[in-house]
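J.: quick one: sequence plus predicted model below, questions after.
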Number of protein chains: 2
Amino acid sequence: MAHAVRPPRQKLSAPVRDALLDMIRNGTVAVGETLPSERELMERLGVGRPAIREAMQSLAGAGLIEIRHGGRARVAAPSIGRMVDRISDTMKHILANSPASLEHLKEARALFECEMARIAASVRGPTHIARLEAIIFDMERAIDGPADFRAADGRFHQEIAAMSGNPIYGAMIGALFGWLTDFHADLVAVPGLERLTLAEHREILEAIARGDAAGSAAAMADHLLRVNALYRQSNLTRG
Amino acid sequence: MAHAVRPPRQKLSAPVRDALLDMIRNGTVAVGETLPSERELMERLGVGRPAIREAMQSLAGAGLIEIRHGGRARVAAPSIGRMVDRISDTMKHILANSPASLEHLKEARALFECEMARIAASVRGPTHIARLEAIIFDMERAIDGPADFRAADGRFHQEIAAMSGNPIYGAMIGALFGWLTDFHADLVAVPGLERLTLAEHREILEAIARGDAAGSAAAMADHLLRVNALYRQSNLTRG
DNA sequence: CGCCTCCAACTGGTATAACGAGTTGGAAAA
DNA sequence: TTTTCCAACTCGTTATACCAGTTGGAGGCG
């Protein structure tokens, strides 16, 4: 029983990564400034170039730094939107392999979008309404072009979220829409469904336009309840 | 003007990454199964080992595969919770460098937690209430231990979210709490504040216990409004 | 015969050297 | 002074070698 539970001896790049992270957090290198070159870090930290590279690639993958061929790495200006894009692959993997998570995410989206509609109704102004009407017009024009219709559909939801004035909401709604519809892209072309979607969007818009918070939330709930049920049905026929 | 906007010639590891991603999505390698070894992929795709390694490290960083020293890489079982942990560094970077995003995230948290309280009130049962009371008891015991108090505080909010039955909610609330309090960890020790927090938590619990959806949402809103204001104040004195 | 031990052949992790490719700043020319 | 251009520096990629952990099977032990 002499086998001590020796920890798996973390990779050499981990401490390197931590050191770089520290430089960024301490402000040793501010946003936009450049990190030391790989060769310099290599001799400063006493490890080989692969370890340095792996740590930097990891930070780049997390969106903390930007690496350009030929130039030094810079500390990246952070952005919620870019971060959301970055986790897209991971989220799609989760949704594809965990039916339960898919249902949970749809539920979360519905809850979230209803609140967005509620807020939108309480802050709406003529400009907002005009923008939403323009998007609905785009949807009417694209009623026979599945890809364009879907894009405009997404813009409608995102525009409502944007009305809140909180860009995080817009980014989240956009991401949720993309993840869920990408996953069910095969049933976009069901004929006749576009008209139903369009009608429901109009109802939501009307409720928002008259400042009816509860009504717009309810209209949004109805809309997403139908869409979610549709998704669920397509899963059944698929499996 | 002969300079064509030649694209920056994406890194060699990108197509490798795409190829691996395809194998995973196609089901060529299912969850839990192993990917080909680095050497094999290297000759199959006609690139050097670093390119293979970089692509695999990227996928591992995204949580799609798990790499163990000495064994082949396996397709990871996806998990929302792990994904949230993974984006923690990125989110902290964003919050540290974008005061606006910090405010937006606090607003999002408030909106989200109010809905959690609302749902909790409508589904509450004796077991739920007992668990929440136990957590509040923990907070009372830890009233002079900032770290323990903070941990119990987080558990209280997470438990409320868990009552919804949707694990995504719990994961999100936990992550939001961690990000925001980590960022303001220095003011945890303000004396007397713990008692106020405790009192507000009790109010929330009481509203949930009597099934008062609107009341619990309002109590949660009051609680977070105060906390957010406190955070904002600490930022002012800091800058 | 079945179980355990141990080692050989994998596997990923790291180091080094070398060269390709892109960027950049300053020297040289106009 | 402005423009041009090149040399030095940077990251990107390859090749090779060796270290370190894992694994499965051969062989020994019960």
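T.: Structure's in. What do you need? Numbers count the residues shown, from 1 in each chain, chains lettered A, B, ... in the order given.
J.: could you list the low-pLDDT ranges of chain A?
T.: Applying pLDDT under 70 to chain A flags the ranges A:1-9, A:185-191, A:231-239.
J.: switch to 80 and redo it
T.: Along chain A, the model assigns pLDDT under 80 to residues A:1-9, A:184-192, A:228-239.
J.: how about the residues of it by DNA strand C?
T.: Residues of chain A lying close to DNA strand C (C-beta under 7 Å from any atom of the strand) are A:11-13, A:47-51, A:54, A:68-71. To be clear about C-beta, it is placed using only N, CA and C from the backbone, and glycine gets the same treatment.
J.: possible to save these as TSV with secondary structure and neighbour count?
T.: Below are those laid out as TSV (DSSP: H, G, I helix; E, B strand; the rest coil; neighbours: other C-beta atoms under 10 Å in any protein chain shown):
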residue	secondary structure	neighbour count
A:K11	coil	16
A:L12	coil	16
A:S13	helix	20
A:V47	coil	17
A:G48	coil	10
A:R49	helix	11
A:P50	helix	14
A:A51	helix	21
A:E54	helix	22
A:R68	coil	9
A:H69	coil	8
A:G70	coil	5
A:G71	coil	10
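J.: and DNA strand D, which of those reach it?
T.: Among the residues of chain A next to DNA strand C, the residues lying close to DNA strand D (C-beta under 7 Å from any atom of the strand) are A:R49, A:R68, A:H69, A:G70, A:G71.
J.: I'd like to know how far the first one sits from A:G215.
T.: Think A:R49. 62 Å (C-beta to C-beta, to the nearest Å).
J.: same check, this time on A:R44
T.: Counting by C-beta to C-beta, the gap from A:R44 to A:G215 is 63 Å.
J.: when the two are compared, which one has more neighbours?
T.: A:G215 (18 against 11; other C-beta atoms under 10 Å in any protein chain shown).
J.: what about that one, which SS state?
T.: Put simply, A:G215 is helix when judged by DSSP: H, G, I helix; E, B strand; the rest coil.
J.: tell me which residues touch the nearest residue to it once chain neighbours are set aside, please.
T.: Excluding its sequence neighbours, the residue lying closest to A:G215 (C-beta to C-beta, 6 or more residues apart in numbering or on different chains) is A:A207, at 3.9 Å. For A:A207, the contact set (C-beta atoms under 8 Å, 6 or more residues apart in numbering or on different chains) comprises A:A117, A:A121, A:G215, A:S216, A:A218, A:A219.
J.: that older thread, farthest-separated two in the residues of chain A next to DNA strand C?
T.: Spatial extent of those (C-beta to C-beta) is set by the pair A:K11 and A:G70 at 27.3 Å.
J.: in chain A, which spans are strands?
T.: Ranges of strands in chain A, per DSSP state E, are A:65-66, A:74-75.
J.: which one of those lies nearest to B:Y169?
T.: The nearest among those, by C-beta to C-beta, is strand A:65-66 at 32.2 Å.
J.: and the closest one, what does it pack against?
T.: helix A:49-61, strand A:74-75 (3 or more C-beta pairs under 8 Å, 6 or more residues apart in numbering or on different chains; DSSP states H and E).
J.: OK, contacts around the residue most central in space within chain A?
T.: Nearest to the mean C-alpha position of chain A, by C-alpha atoms, centre = their mean, lies A:A175 at 2.9 Å. Counting by C-beta under 8 Å, 6+ apart, A:A175 touches A:V84, A:D85, A:S88, A:M91.
J.: ditto for A:I136
T.: When contacts are counted by C-beta under 8 Å, 6+ apart, A:I136 touches A:F156, A:L198, A:H201, A:R202, A:L205.
J.: equivalent analysis for A:A142, please.
T.: A:A142 makes contacts with A:D148, A:F149, A:A151, A:A152, as judged by C-beta under 8 Å, 6+ apart.
J.: ChimeraX command for the buried members of those?
T.: Entered in ChimeraX, the line below selects the buried ones among the contacts of A:A142, by 16 or more other C-beta atoms under 10 Å in any protein chain shown:
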select /A:149,151,152
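J.: how about the helices in chain A?
T.: A:13-26, A:38-45, A:49-61, A:80-86, A:88-97, A:99-123, A:126-141, A:146-162, A:167-183, A:193-209, A:213-238 (DSSP state H).
J.: got the CA positions of the third one in CSV?
T.: The C-alpha coordinates for helix A:49-61 follow below in CSV (Å, rounded to 0.1, in the frame of the first residue of the first chain):
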residue,chain,number,x,y,z
ARG,A,49,9.1,26.4,-26.7
PRO,A,50,6.3,23.8,-27.0
ALA,A,51,5.2,24.5,-23.4
ILE,A,52,5.1,28.2,-24.0
ARG,A,53,3.2,27.7,-27.3
GLU,A,54,0.7,25.4,-25.7
ALA,A,55,0.0,27.9,-22.9
MET,A,56,-0.4,30.8,-25.3
GLN,A,57,-2.6,28.8,-27.7
SER,A,58,-4.8,27.9,-24.6
LEU,A,59,-5.1,31.6,-23.7
ALA,A,60,-5.8,32.5,-27.4
GLY,A,61,-8.5,29.7,-27.4
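J.: and it, what other elements does it pack with?
T.: Using 3+ C-beta pairs under 8 Å, 6+ apart, helix A:49-61 sits against helix A:13-26, helix A:38-45, strand A:65-66, helix B:49-61.
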